[in-house]
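> Give me the fold of what follows.
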Amino acid sequence: MMTITTPIPLSMQVRTAVDQYLAQLDGHHTTDLHALVLTEIEKPLFEATYQYSGYNQTKTAQILGISRSTLRKKLDQYGIS
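Here you go, the predicted model:
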């Protein structure tokens, strides 16, 4: 019998990661958390999506909802080829 699992929403996964990060601070202060989170998720987002699309830039740009020129800039920025 095949078991169907419900995927964990991305928002819940991000929430869990942020909660874990904050817990690890152990009372120490942090700043610019918004910028940190965006920086930390953007590169793996582009890597995973690019791989998922079979390294096709047109498909990747469509999946992400951005232009191919923006995608190329981001791939270059993060050294993804």
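> name the helices or strands packed onto the helix or strand harbouring Gln62?
Using DSSP states H and E, Gln62 maps to helix 57-64. Here helix 57-64 touches helix 33-52, helix 68-77, going by 3 or more CB pairs under 8 Å, 6 or more residues apart in numbering; DSSP states H and E. Heads up, the C-betas are built off the backbone N, CA and C, glycines and all.
> Please convert those to TSV, extending it with mean pLDDT and mean neighbour count.
As requested, those are arranged in TSV below (pLDDT from 0 to 100; neighbours: other CB atoms under 10 Å):
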stretch	mean pLDDT	mean neighbour count
helix 33-52	94	13
helix 68-77	97	14
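> right, so of these, which gets closest to Val14?
helix 33-52 (7.4 Å; CB to CB).
> What does Gly54 show for phi and psi?
phi 70, psi 30 (degrees, to the nearest 10).
> tell me, how many neighbours does it end up with?
8 (other CB atoms under 10 Å).
> now do the one 4 residues further on
As a burial measure, the neighbour count of Thr58 was computed by other CB under 10 Å and equals 10.
> now do Thr60
Thr60, neighbours per other CB under 10 Å, totals 22.
> ok, it touching Ser53?
Yes - under the criterion of CB atoms under 8 Å, Thr60 makes contact with Ser53 at 4.4 Å.
> Which strands or helices does the host helix or strand of Ala17 pack on?
For Ala17, the element it lies in under DSSP H and E is helix 10-24. Contacts defined by 3+ CB pairs under 8 Å, 6+ apart place helix 10-24 against helix 33-52.
> elements contacting the helix it packs on?
Under the contact rule (3+ CB pairs under 8 Å, 6+ apart), helix 33-52 is packed against helix 10-24, helix 57-64, helix 68-77.
> got the angle for it vs helix 10-24?
Orientation check (axes from the mean of the first three to the mean of the last three CA atoms, to 10 degrees): helix 33-52 against helix 10-24 gives 130 degrees.
> what about helix 33-52, distance to the chain center?
3 Å (CA atoms, centre = their mean, to the nearest Å).
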